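>>> model this:
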Amino acid sequence: MKLNYKLWLEENKNKLFGDGPADILRLVDQLGSLSKAAAEINMSYSQAWQLIDSLEEKLGFKLLEKQVGGSEGGGSTLTNKGRLLMDTFLKFRSEARREMSKLEAKHFDDNFKKKLKE
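Sure thing, here's the model as predicted:
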(Lines give C-alpha, C1' and ligand atoms only; values in the text may rest on other atoms or scores of the structure.)
Protein backbone atom coordinates (compact mmCIF):
# COMPACT_ATOMS: atom_id res chain seq x y z
CA MET A 1 0.00 0.00 0.00
CA LYS A 2 1.39 3.36 -1.04
CA LEU A 3 0.00 6.88 -0.79
CA ASN A 4 -0.41 8.69 -4.08
CA TYR A 5 -1.34 12.30 -4.87
CA LYS A 6 -1.13 14.99 -7.54
CA LEU A 7 -0.37 18.67 -7.11
CA TRP A 8 -1.45 21.56 -9.31
CA LEU A 9 -2.20 25.26 -9.18
CA GLU A 10 -5.75 26.33 -9.90
CA GLU A 11 -7.82 29.49 -9.99
CA ASN A 12 -11.61 29.58 -9.77
CA LYS A 13 -11.57 25.76 -9.83
CA ASN A 14 -9.73 25.77 -13.18
CA LYS A 15 -6.43 23.93 -13.37
CA LEU A 16 -3.65 26.34 -14.37
CA PHE A 17 -0.35 24.53 -13.91
CA GLY A 18 0.82 21.14 -12.70
CA ASP A 19 3.31 18.31 -13.09
CA GLY A 20 3.07 17.94 -16.88
CA PRO A 21 3.65 21.59 -17.76
CA ALA A 22 6.38 21.90 -15.13
CA ASP A 23 8.18 18.90 -16.57
CA ILE A 24 7.88 20.20 -20.14
CA LEU A 25 9.32 23.58 -19.12
CA ARG A 26 12.14 21.83 -17.25
CA LEU A 27 12.99 19.85 -20.38
CA VAL A 28 12.82 22.96 -22.60
CA ASP A 29 15.22 24.62 -20.17
CA GLN A 30 17.59 21.65 -20.33
CA LEU A 31 17.32 20.94 -24.06
CA GLY A 32 16.76 24.44 -25.43
CA SER A 33 13.87 23.32 -27.61
CA LEU A 34 10.16 22.63 -27.22
CA SER A 35 10.41 20.12 -30.05
CA LYS A 36 13.13 18.15 -28.23
CA ALA A 37 11.26 18.42 -24.93
CA ALA A 38 8.07 17.11 -26.53
CA ALA A 39 9.93 14.21 -28.15
CA GLU A 40 11.47 13.33 -24.78
CA ILE A 41 8.00 12.69 -23.32
CA ASN A 42 6.51 11.19 -26.51
CA MET A 43 4.31 14.21 -27.24
CA SER A 44 3.95 15.74 -30.69
CA TYR A 45 5.38 19.20 -31.26
CA SER A 46 1.92 20.53 -32.16
CA GLN A 47 0.41 19.12 -28.95
CA ALA A 48 3.19 20.72 -26.95
CA TRP A 49 2.62 24.12 -28.57
CA GLN A 50 -1.14 23.82 -28.02
CA LEU A 51 -0.48 23.10 -24.35
CA ILE A 52 1.90 26.05 -24.00
CA ASP A 53 -0.49 28.39 -25.85
CA SER A 54 -3.39 27.29 -23.65
CA LEU A 55 -1.35 27.76 -20.48
CA GLU A 56 -0.15 31.19 -21.56
CA GLU A 57 -3.72 32.25 -22.26
CA LYS A 58 -4.94 31.00 -18.85
CA LEU A 59 -1.99 32.50 -16.98
CA GLY A 60 -1.96 35.81 -18.83
CA PHE A 61 1.77 35.77 -19.59
CA LYS A 62 4.29 34.08 -21.87
CA LEU A 63 6.13 31.01 -20.65
CA LEU A 64 8.47 30.62 -23.61
CA GLU A 65 10.33 32.78 -26.08
CA LYS A 66 10.90 31.04 -29.38
CA GLN A 67 13.80 31.66 -31.70
CA VAL A 68 13.07 31.06 -35.36
CA GLY A 69 15.39 28.63 -37.15
CA GLY A 70 18.31 29.49 -39.32
CA SER A 71 21.61 27.77 -39.88
CA GLU A 72 21.69 26.75 -36.23
CA GLY A 73 18.01 25.82 -36.09
CA GLY A 74 15.41 27.34 -33.80
CA GLY A 75 14.86 26.88 -30.14
CA SER A 76 12.95 28.01 -27.10
CA THR A 77 13.91 29.58 -23.81
CA LEU A 78 11.89 30.25 -20.70
CA THR A 79 10.72 33.76 -20.00
CA ASN A 80 11.51 35.19 -16.57
CA LYS A 81 7.94 34.52 -15.44
CA GLY A 82 8.02 31.04 -16.97
CA ARG A 83 11.23 30.28 -15.08
CA LEU A 84 9.83 31.69 -11.83
CA LEU A 85 6.67 29.58 -12.13
CA MET A 86 8.59 26.43 -13.03
CA ASP A 87 11.28 26.84 -10.36
CA THR A 88 8.78 27.65 -7.63
CA PHE A 89 6.47 24.78 -8.56
CA LEU A 90 9.34 22.26 -8.78
CA LYS A 91 10.76 23.36 -5.41
CA PHE A 92 7.31 23.15 -3.84
CA ARG A 93 6.70 19.73 -5.40
CA SER A 94 10.02 18.42 -4.11
CA GLU A 95 9.35 19.69 -0.59
CA ALA A 96 5.76 18.40 -0.67
CA ARG A 97 7.00 14.93 -1.68
CA ARG A 98 9.43 14.86 1.25
CA GLU A 99 6.74 15.96 3.69
CA MET A 100 4.15 13.57 2.26
CA SER A 101 6.63 10.69 2.65
CA LYS A 102 7.07 11.61 6.31
CA LEU A 103 3.31 11.79 6.83
CA GLU A 104 2.80 8.51 5.01
CA ALA A 105 5.37 6.79 7.24
CA LYS A 106 3.73 8.30 10.32
CA HIS A 107 0.12 7.40 9.52
CA PHE A 108 0.37 4.32 7.30
CA ASP A 109 3.12 2.51 9.17
CA ASP A 110 3.61 -1.24 9.62
CA ASN A 111 1.36 -1.20 12.67
CA PHE A 112 -1.47 0.26 10.57
CA LYS A 113 -0.94 -2.35 7.85
CA LYS A 114 -0.85 -5.12 10.45
CA LYS A 115 -4.17 -3.99 11.92
CA LEU A 116 -5.78 -4.09 8.48
CA LYS A 117 -4.80 -7.74 8.15
CA GLU A 118 -6.28 -8.80 11.50
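
>>> Where does the prediction get shaky in the protein?
In the predicted model, the chain carries pLDDT under 70 at residues 69-73.

>>> Quick check: chain neighbours aside, which residue is closest to residue 38?
residue 48 (3.8 Å; C-beta to C-beta, 6 or more residues apart in numbering). Backbone N, C-alpha and C define where each C-beta goes, glycine included.

>>> helix/strand/coil for that neighbour?
In terms of secondary structure, residue 48 is helix; the call rests on DSSP: H, G, I helix; E, B strand; the rest coil.

>>> Distance check, it against residue 11.
23 Å (C-beta to C-beta, to the nearest Å).

>>> same question, residue 49
Distance from residue 49 to residue 11, by C-beta to C-beta: 23 Å.

>>> Please identify which of these two sits among more neighbours.
residue 49 (16 against 10; other C-beta atoms under 10 Å).

>>> For that one, give me its contacts.
The contact partners of residue 49, by C-beta atoms under 8 Å, 6 or more residues apart in numbering, come to residue 34.

>>> Begin at 56 from now on, thanks
OK, 56 is where the count begins now, so the last one is residue 104.

>>> Without its sequence neighbours, what residue ends up closest to residue 65?
residue 71 (5.7 Å).

>>> my hunch is that that neighbour is in a strand, does that hold up?
Yes. Assessed by three-state DSSP, residue 71 belongs to a strand.

>>> That one: how many residues sit nearby?
Neighbours of residue 71 using other C-beta under 10 Å come to 15.

>>> That one contacts residue 113, correct?
Yes. At 5.4 Å, residue 71 counts as touching residue 113 under the criterion of C-beta atoms under 8 Å.

>>> does residue 63 really touch residue 74, like I thought?
Yes. Counting by C-beta under 8 Å, residue 63 does reach residue 74; the two are 7.2 Å apart.
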